[in-house]
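Enquirer: Can you look at this prediction? I've put the sequence above it.
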Amino acid sequence: MRSEKSNKQKITKGFFYFLLALLVVISFIPFYMMIVNATRSNSDILKEGFTLIPGTAIADNYNVLLEYMNLWRGFLNSLIVAVAVTVLSSYFSALTAFGFAIYKFKGSNFLFVMILVLMMVPGQLGLIGFYDIMRTFNLLDSYVPLIVPSIASTFTVFFLRQFLSSVLHSSLIEAARIDGAGEFKIFHKIGIPMMMPAISTMAIFAFIGSWNNYILPLVVLFSPEKYTLPVMMGALRGSQVAQNLGAMYLGIAISVVPIMIAFVFLSKYIISSISAGAVKE
Amino acid sequence: MMQSKLNKYGYLFILPFFAVFLTFTVYPIVLTFYYSFTSYSGFGDAAFIGMENYQRLISDDYFWEAFYNTIYIWGINFGFQLGIALLLALLFSDIRLKMKGLSFFRAAFYLPNLITIASVALLFGILLGWHHGTINHLLLDLGLINEPINWLNNPTTARWSVALIGAWMWFGNTFIILMAGISGISNDYFEAALIDGANRLQMFTKITLPLLKPIMLYVLITSLIGGLQIFDLPMLLTDGRGSPQGSLNTMVLYLYNQAFKFNNYGYAAAIAYGLFIITVCFSLITFKAMYRKSVKGE
Amino acid sequence: MGEACMKKVFALLMMALLTLGLAACGDSESGGGDGASSGKKTLTVWSFTDELEPAIETFKEKFDVEVELTIVPIEDYPTRLRPVLESGQGAPDIFTGELAFIKDWIEQGYWETLNQEPYNVDDIEDDYIDYVFELGRNSNGEVKALSWQTTPGGIFYRRSIAQEVFGTDDLAEIGEMFSTRESMLEAGDQLKEAGYRLFPDEGAIRWFAQGQDPQPWVNEDNELNMTEGRLNYFDYAKELREKDLTAFAPEWSPSWFAAMDGPINYNAGWDEVAEEAETEVEVFSYALPTWGLHSVLKENVEETAGDWAVTSGPNPYYWGGTWLGMYSQSENKDLAWEFIKMMTHDEEFLTDWAMETGDVLSYLPVTDKIKDEFSEDFLDGQNNYTFFLEEAQKINPDTVTRYDQQLDSMFGTVVSEYVEGVKTKDEAIAEFYNLVNSSYPDIITPDEQ
C-alpha cells in the first residue's frame, strides 16, 4: 500500500520534471536557433530552412556585420552608461535616504510624500519636456540625459529609507558623533555599510533597467558611434546587415551571449536580490 | 540640542537628489503639460491653442485603438505570465512533492529578462518571418502546420506574438517574486493542512493564494504600469508604426511617432497626459478591487 | 548571501566603472588626437547608404584629409538628422538627401545656398540633366543641393530564363512583352508554368500602376491626390497575388536579395505542392532604377552575374537618387565644397566613377563622352547607359513632394492589407485617409473635401 503510493508519487514527480524540462527547452530554443543560424549563410537559411546543425559561415557573417556596425562599441557604451547609472543612483539614493531617516527638518515629510506621489508617475509623461530641455542645454547626443537623472531615483530612495528605518540603531550614530566624526563620515562609515544589502538589491535593478532602456537613448542619441546596444540593435534592422540573415542572427547573438555567460556566474546573487526586493516591498 | 543643530545636514543630504529631481523629472513634466496646450512642432515658437489637443485626443480613433491594443496585449501577456508563474510556484511549494532544482529552474526561467528587448524583438522578428522564417520552417517540418503562417502580418497573430514573447521574457521574474512570497509563508500552515488531509488544490486556494495577495498586488501593479508603456517590442517587431493594420500601435508607440516622426510635439504631450490619466485610473481600480476583496474575505 | 560577497560585487562594479572611464577618456583623446597629430583636416559626412565610400577613399588621397562617414538607415535618417542640424551639435559638414525627403529639406535653412558666391552653381546649370538640378532648388530659387546621378527605372531580367521560357533574351522583344500591364501579366503566367515567378513581390508593380500621367501626392492647395493610377495599384497588386506570380520575397528582405542569385525556398503549402520541384522557385525580373545595378544587383549576385539585361516597363518611372549639400553652419565649408565639386562636376573622377560602378550620371559633359562606348559586363555587354539616359528624358520632377517618404510607406501598408484580404478596397482607402490625417493634420484628404 505504502510503496504503491510512493510509486505513484514518483511517477507524478517524473511527469512534473518532464514538464519543467519542456519549459526549459521552450525557453531556450529561440536562443539555440539564433546560435545555429548565426553560423549559416543567408542562402543556406533561406533554402534549407530549419536545422539543428551549425554551418560554416560564421566568419563571413562576422565580417558583414562588423563592416557595417561595431556592436562591441555598443556593448561598451551600454556598459559605461549602466555602470555609471548604477553607481550614481546607489550612492545618491543612499545619501538621500540617510538624510530623510536621520534628520528631522522642516518640510521633510512633505518632500518625502512628494517622492512617493511621483514614484507612481510613468516615465514617459515628461518625455517631450525632457527632450526639449536637453536640447536647450545642448545635452542631446551625449550620455548626460541617460546618466545624470539617475541621481534622483525615487523608488530606490523609498526602498532604502524603509530599509534604514528597520535596521537603524541611533546609538551607533550617537557614539560616532561623540567620537568626533563628521556627519558625512558617519554616512560613509556607518550609513552605507548598514544599507549595503538593500543598496546592492537596488543596484541590480538599476543596472538591468539601464541596460534594457530603449526609448530614451533612441530619442536623445544621434551619432551611431554613441549608440547603446539596444539602439544599435534597432538600427541593425533597417541597415544593410538586414539583407543577410546569417549576419543578423550573429549580431543578435553577440548582443545576447555575453549576458548569458555573465548570468551563469551572477545568477545566484541576482535572483536573491530580486526575491529580497519583492518581499521588502 | 546637538541633534537639532545637526538637523540642517538633512537639507544638505537631500540637496543633490532634489536638484536633479526638479530639473530632470518635475520640470519636464510641467513643461510637457504646458506643451500639451500648444501646437508646438519641436522647433520655433509654441502657439497656445487651448484644449484643442485634448479634444482631438478624445475623438482620435488611433489613440483609442492604441489604448485597446495596449490593454489587449497586456491582458494576454499578464494572463500567461502569471498563470505559468503560479503553476510553477504551486509545484515548487508543494511540501509533498519536495521538487528539487529550484535554483536551477529559477535561473533558467529568469534569463530572458536580462536580454535587451531590442535583441529579443529582432530575433523574433526574423524567426517569425513568413515564407522564410525559421519558426515556420520548423512547424512545417514537424507537420504541425500545412502552410507558412504570416505571424506578424495578421492582427490577431501579431498581438498574440507580442504578448507571448513578453510572457516568455517575464514569467521567470514573476515566478521568482511569487516564490519569494511563498517562502515567507510559515511551513506550519501547510503541515497543519496536510494533517487535516487537505488536497493540493485546497492548500493552494485556501492557504497560498490568500497569503500571497500583497505580493500579487505588487506583481499586478508593476506589470500594469509597465504594460501600459509597452513600446520596444511593437516598435521593433514590425514597421515602427504598429502594423499590421495598426494592431501593434500602442499608446507609447503612438506618442513616439507623433512626436519624433511627425513633429507634432504638442499633440504628443497631450497623449502623454492621456496615458497618465489612464494609468492612474487603472491603478486606482486595481487597488480598490484588491482591497474590497480582502475585506470581504476576512 | 554573505555581506562580504556583496562588497566584492560592489567593488567589482566600481572597478569596472573606473576602467571604463579611463578607457573612454583614452578613446576620446586618441580619437581627437588622430586628426591633430597628423595635421590633417577632418571632413564629416552623413548619409543613408554606403555608396559614397569609394568616392571618399579617392577624396582622402587626393586632398590628404580625413573623412568620417556616418551611415544611418534611411527610415530613421530624417528623424535622427533633424535635431542634429537644428542644434549644430555633432553636425556633419556634408549630408546627403534622398529624393523622398529632398523637397522638405531644401526649404529648411540646413543646407548652404550654392547659387551664390563663391560657389555660383547657376553657371554650370546647363551641364546637368534639367530635373536633377531643379530638384535641388527651393521655392525661393536657391539651389541647396546637387546630385551626380539620374535615376530612371527599368526592368532587370534574367537572360537565361527568358531564353528558356520565351525563346529569346532580346531587349526589344522582352520590352515589347512588358509594354502593357496585360502583356506583362501574360508573360507572368507563362513564367509560372515553367516554374518561375515574374517578380519577387507585389511591391514591384507600384511603379507601373501610375500609368503615363503620374501626379504628386499633394497638390499646391495641400489636397491629397488620389489618382486613378494609385487606385489601380490596389487591383494590380491583388491580381499578382491571386495569380500567384510572385515569390513572396518582400522588397529589401533577405529573401528578396537571395532570389537575385538563384532559387529560394518556396513553401506554398504541403497540400498544393505535390512535386519536390516546387519547394524552390526562381525570380525572373526586378523593377529597379539605375542605382539598382551597382548598389543592389552587383552587390548581391555572384552566380547570375552576366545573365542580366535591362529593358523598359509599361511606363517610365524613377526611383530615389542622392543629393549632396553642405551644412550651412559648417566650419569646414571649403573642404566640403571640394568634395561636392569632385562628386558632382569633376570630369576625371566622374568618368572613373561611371566606368567603375555603372552609375548613370546627370553630368552631361561626362555622359556625352562615354555613353556611346558603354558596355556593361554584368548585363552581358548591354549599353545600359544609353537606355537609361533616354528614360531620364521622360522624368517629370513635379511629382515629388515633401511627404513622399511617409505617404509612400503608409500607402504600401494599406495596399498590402487589401492584398492580404483583410480589408476591402474602400476600407483600405478610408484607412489610408485616416492615417494621413493623423500624421499630417494639414493635408486635406478627398473624404474631407
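Expert: That came in fine, so what should we check first?
Enquirer: Now do the helices in chain A.
Expert: Taking DSSP state H as the criterion, chain A carries its helices at A:2-38, A:42-48, A:58-68, A:71-102, A:108-119, A:127-136, A:144-147, A:154-167, A:170-178, A:183-186, A:192-212, A:215-220, A:229-237, A:245-280.
Enquirer: and the angle for the fifth one with helix A:154-167?
Expert: Meaning helix A:108-119. Following axes from the mean of the first three to the mean of the last three CA atoms, to 10 degrees, one obtains 130 degrees for the angle between helix A:108-119 and helix A:154-167.
Enquirer: Show me what helix A:108-119 is in contact with.
Expert: Residues from elsewhere that reach helix A:108-119, judged by CB atoms under 8 Å, 6 or more residues apart in numbering or on different chains: A:100, A:154-155, A:157-158, A:161, B:10, B:14, B:18, B:21, B:25-26. All C-beta atoms are positioned from the backbone trio N, CA, C, and that covers glycine.
Enquirer: picking up where we left off before, now tell me which of the helices of chain A the model trusts least on average.
Expert: Within those, confidence is poorest for helix A:42-48, with a mean of 79 (mean pLDDT).
Enquirer: Quick check: which helices or strands does that one pack against?
Expert: Judged by 3 or more CB pairs under 8 Å, 6 or more residues apart in numbering or on different chains; DSSP states H and E, helix A:42-48 is in contact with helix A:245-280, helix C:254-258, strand C:264-265.
Enquirer: Quick one: these as JSON lines, columns for mean neighbour count and distance to residue A:223 too.
Expert: Listed next are these as JSON lines, based on neighbours: other CB atoms under 10 Å in any protein chain shown; distance: least, CB to CB, whole Å:
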{"stretch": "helix A:245-280", "mean neighbour count": "20", "distance to residue A:223": "19"}
{"stretch": "helix C:254-258", "mean neighbour count": "26", "distance to residue A:223": "27"}
{"stretch": "strand C:264-265", "mean neighbour count": "24", "distance to residue A:223": "37"}
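Enquirer: Export these as CSV, with columns for distance to chain B.
Expert: Shown next, in CSV, are the helices and strands packed on helix A:42-48 (distance: least, CB to the nearest CB, whole Å):
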stretch, distance to chain B
helix A:245-280, 4
helix C:254-258, 5
strand C:264-265, 6
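Enquirer: Which one (most neighbours) among the contacts of helix A:108-119?
Expert: Among the contacts of helix A:108-119, residue A:157 has the most neighbours (other CB atoms under 10 Å in any protein chain shown), with 28 neighbours.
Enquirer: how about residue 270, what does it touch?
Expert: Just going to use chain A. A:204, A:263, B:110.
Enquirer: let's do chain B instead
Expert: B:36, B:53-54, B:56-57.
Enquirer: now do 7 Å
Expert: Contact analysis of residue B:270 by CB atoms under 7 Å, 6 or more residues apart in numbering or on different chains lists B:36, B:53-54, B:57.
Enquirer: Export those as CSV, with columns for pLDDT and secondary structure.
Expert: Shown next, in CSV, are those (pLDDT from 0 to 100; DSSP: H, G, I helix; E, B strand; the rest coil):
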residue, pLDDT, secondary structure
B:36, 95, coil
B:53, 94, helix
B:54, 96, helix
B:57, 95, helix
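Enquirer: okay, now residue C:344: neighbour count?
Expert: The number of residues near residue C:344, taken as other CB under 10 Å, comes to 27.
Enquirer: Point me to the helix or strand that includes it.
Expert: helix C:333-345 (DSSP states H and E).
Enquirer: Show me what that helix is packed against.
Expert: strand C:42-47, helix C:53-63, strand C:94-98, strand C:322-326 (3 or more CB pairs under 7 Å, 6 or more residues apart in numbering or on different chains; DSSP states H and E).
Enquirer: Many thanks, have a good one.
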